[in-house]
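K.L.:
sequence and computational prediction follow.
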Amino acid sequence: MTSVAPAATERPGRPARTDWKLTPRTGLSVMRAEVRKGLLSQLAHPVGHIIMLVISTVLYLGMQYVMGQGTLRRELIPETLVAISGYWFLHYGSLVMVADLVEEKRGGTYSQSHMSPAPPWVFMLGRLVTASLMGLMVAVVATLVPMLVTGVTIPLKAAALVPYALVVVNVLAFTFVLAAIAVSSPMVGALHSLFTSLVILLNGSMMPLALYPDWLAVVARFLPTTLGVEATTKVLFDGKSLGDIWSDGTLPWLLAYTFALVLFGGWLFSRNHRRAVRDGRLGQY
Amino acid sequence: MSTQTQAPAGSDRPGAVTATPAIEISGLTKTYGSSDTPSVNNISLSVPAGTVFGFLGPNGAGKTTTIKILAGLLAATSGKTLLNGYDVTRRRSATMQQFGAVLEGSRNVYWTLSAWQNLLYFGRLKGMRGADARDRAEELLKGLDLWERRDEKVGGYSRGMQQKVAVAAALIADPPIVLLDEPTIGLDVEATRTVMEWIRTMARDRGKTVLLTTHQMNVVEELCDRVAVIRKGEVVADLPTDQLLAQFRERDKYEVRVEGNLPELSLPSGFTARSVEGTTIISGRVSDPQQVYTLVDRLRDQHAVVQSLSQVQPDLEDVFMGLIKAPAHD
């Protein structure tokens, strides 16, 4: 072993600095480190992501082919593409988030990351950004490839950005809910499978929500992304304005749902984190 | 058995410049869930700055629970824990800047990242600026002979190298307190020696306070200034290492080593013999030192060649076993 260089601290043995305060700058610095670490970890094993990109495009086209009884029904593709983009964003983002958390809790690095002066929710947000970037990558490919294959385009309307932004917030909040569950239970994988299966069945990825029986459409609207996809498609394809989807109740419901999901995610994480610290399950299940 | 403690004296190490203990635990109790038995039961410890403090106990005694509470990873049921005077529960942010930790049985660092990436990540997480983290990471990796392999993934390192990276990650922000829970577990002799040298360097040259748990008594005996032994959640001894050993020195127990396997030797009462690799070891307790001379005379009469005669000196393992096997007090 070689010798250690002189101490970096001026006063060895003295208490360390205690001036770290949570500010936008310091919080962003911690989040940036978390995002960078997360992306480096994810890209260390690219094959899994490549396979997911292939699956995402093949699955959608195959699904539409089966639904169209052997043909791709071009009139249904634009609306279902909006829904499938939301689905993949949700599915893969939350999968990355949850799988990482479970693996890190079992490995021990989750505990290590808590020994930071930054509050836990700051690096959880960093993890959420990483997961979202991975989800976004798959969602973009899963949307663009079928557009290129079928020659179908989605009309761009600025007003649609509002409900679609709420789809994104919806997805992030739902991912945070699953992450909060992962803090206390490794069984979150089963919940992830259950909810994402329901989402792909009912959010309009297979066929537009208007084609579902009324009672099923009501059930579907309780799932993340469904209300947002419905609002977005109304603006994009039915010629509705933001005022129209406000007055028909779609946008208020979407806002309320998203707000509730954000609150629930924050509350659940706070509760599960506190319990994990109380029960000694921060670094294990 | 009563707890054997003595108020810790201030260390004469370079770092012992402050009257505030580096680690102070008072009345700490932790009971998990609905269990009736506390894992840690009303323990109090005070560790002066610059001390290497050995925290020993059998598996399940409460060592890791205590360390997790100190590290803010586990909430205590009652009691107070201070690091450099900062309350772990009330001043979380300040406390987290006081220590680095290597936890038992966990990876501690990311195997999919390189050593360099790991250190920069943990540096930023500890609130360091990028340039400071890079300088410090370079210093640590060079000091641990990892600089040439800094860009390789930690998962490809040997167990010893991975543990070095974990130690480096704990030291990235140059904290005054280092918590090491079984840092040498699973390491080969060379890697254990490297980690031990590091612990020694941290304390002696850099004035850091080290709280160390290990089952390797030679490590404790060699490094620790002070030792606390915990059993079933209670501290049963807390003394400077030399005082602990002295207290358990058995002044009335003698050992005589005789050349050859001589199981048929006729011995005075109170002595027993056993053969170990060509040597006969005779031991026994004496109430009168004259009995030792009688033994030697008897051996001479039997033409036995005496190799050595000594008063039995316990090592830390003997002391540890004595403490954890003693009947618990009510």
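P.N.:
That came in fine, so what should we check first? Numbering: from 1, shown residues only, chains lettered A, B, ... in the order given.

K.L.:
for the stretch 51-200 of chain A, which residue gets nearest to chain B?
P.N.:
Closest approach between the stretch 51-200 of chain A and chain B, counting by C-beta to the nearest C-beta: A:Gly108, at 2.2 Å. Bear in mind the C-beta positions are built from the backbone N, C-alpha and C, glycine included.

K.L.:
okay, and the residue lying closest to that residue once chain neighbours are set aside sits in which element?
P.N.:
Nearest in space to A:Gly108, with sequence neighbours left out and distances taken as C-beta to C-beta, 6 or more residues apart in numbering or on different chains, is B:Ser106 at 2.2 Å. Using DSSP states H and E, B:Ser106 sits in no helix or strand.

K.L.:
would you list the phi and psi of B:Ser106?
P.N.:
With angles defined as degrees, to the nearest 10, B:Ser106 sits at phi -130, psi 170.

K.L.:
what about whatever residue of the stretch 101-250 of chain B ends up closest to chain A, how many residues nearby?
P.N.:
Nearest residue of the stretch 101-250 of chain B to chain A (C-beta to the nearest C-beta) works out as B:Ser106 at 2.2 Å. B:Ser106: 20 surrounding residues under other C-beta atoms under 10 Å in any protein chain shown.

K.L.:
likewise A:Met124?
P.N.:
Neighbour count of A:Met124, defined by other C-beta under 10 Å: 20.

K.L.:
so which residues of the stretch 1-150 of chain B form strands?
P.N.:
B:4-5, B:23-30, B:40-47, B:52-56, B:78-83, B:86-87, B:99-102 (DSSP state E, counting those that start in this stretch).

K.L.:
which among these is found nearest to B:Gly207?
P.N.:
Closest to B:Gly207 of the strands of the stretch 1-150 of chain B, according to C-beta to C-beta: strand B:52-56, at 11.2 Å.

K.L.:
mean confidence for that closest one?
P.N.:
For strand B:52-56, mean pLDDT rounds to 94.

K.L.:
ditto for stretch A:114-130
P.N.:
For stretch A:114-130, the mean per-residue pLDDT is 94.

K.L.:
where's the nearest residue to A:Lys240 once chain neighbours are set aside relative to chain B, distance?
P.N.:
The spatially closest residue to A:Lys240, leaving aside those adjacent along the chain, is A:Lys234, at 4.3 Å (C-beta to C-beta, 6+ apart). Going from A:Lys234 to chain B by C-beta to the nearest C-beta, to the nearest Å gives 43 Å.

K.L.:
neighbours around A:Lys234, how many?
P.N.:
Residues near A:Lys234, counting by other C-beta under 10 Å, number 22.

K.L.:
which SSE is it in?
P.N.:
Using DSSP H and E, A:Lys234 sits in helix A:226-237.

K.L.:
centre of the chain to that helix, how far?
P.N.:
Put simply, helix A:226-237 sits 19 Å off its chain's centre (C-alpha atoms, centre = their mean, to the nearest Å).

K.L.:
now that helix - C-alpha only, PDB.
P.N.:
This file holds the C-alpha atoms of helix A:226-237, laid out as PDB (Å, rounded to 0.1, in the frame of the first residue of the first chain):
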ATOM      1  CA  THR A 226     -56.400   7.100 -19.800                       C
ATOM      2  CA  LEU A 227     -58.000  10.500 -19.100                       C
ATOM      3  CA  GLY A 228     -54.900  12.300 -20.500                       C
ATOM      4  CA  VAL A 229     -55.000  10.300 -23.700                       C
ATOM      5  CA  GLU A 230     -58.700  10.900 -24.000                       C
ATOM      6  CA  ALA A 231     -58.300  14.700 -23.600                       C
ATOM      7  CA  THR A 232     -55.300  14.700 -26.000                       C
ATOM      8  CA  THR A 233     -57.100  12.800 -28.700                       C
ATOM      9  CA  LYS A 234     -60.200  15.000 -28.400                       C
ATOM     10  CA  VAL A 235     -58.000  18.000 -29.200                       C
ATOM     11  CA  LEU A 236     -55.900  16.300 -31.900                       C
ATOM     12  CA  PHE A 237     -58.600  14.400 -33.800                       C
END
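
K.L.:
show me what contacts residue 116?
P.N.:
No chain in the question, so chain A it is. Going by C-beta atoms under 8 Å, 6 or more residues apart in numbering or on different chains, A:Ser116 touches A:Val30, A:Phe123, B:Met96, B:Leu125, B:Lys126, B:Gly127.

K.L.:
ah, I was thinking of chain B
P.N.:
By C-beta under 8 Å, 6+ apart, the residues touching B:Trp116 are B:Ala137, B:Leu141, B:Arg150, B:Asp151.

K.L.:
please repeat the previous calculation with a cut-off of 10 Å.
P.N.:
By C-beta atoms under 10 Å, 6 or more residues apart in numbering or on different chains, B:Trp116 lies in contact with B:Arg134, B:Ala137, B:Glu138, B:Leu141, B:Leu146, B:Trp147, B:Arg149, B:Arg150, B:Asp151, B:Glu152, B:Val154, B:Val165.

K.L.:
could you point out where chain B is predicted with low confidence?
P.N.:
Low-confidence segments of chain B, defined by pLDDT under 70: B:1-19, B:249-251, B:263, B:327-330.

K.L.:
now A:Gln113: closest residue in space that isn't a chain neighbour?
P.N.:
No Gln there; residue A:113 is Ser. Once flanking residues are discounted, A:Ser113 sits nearest to A:Phe123: 5.8 Å by C-beta to C-beta, 6+ apart.

K.L.:
please apply the same query to B:Asn118.
P.N.:
B:Asn118 sits nearest to B:Val109 (C-beta to C-beta, 6+ apart), 4.6 Å away.
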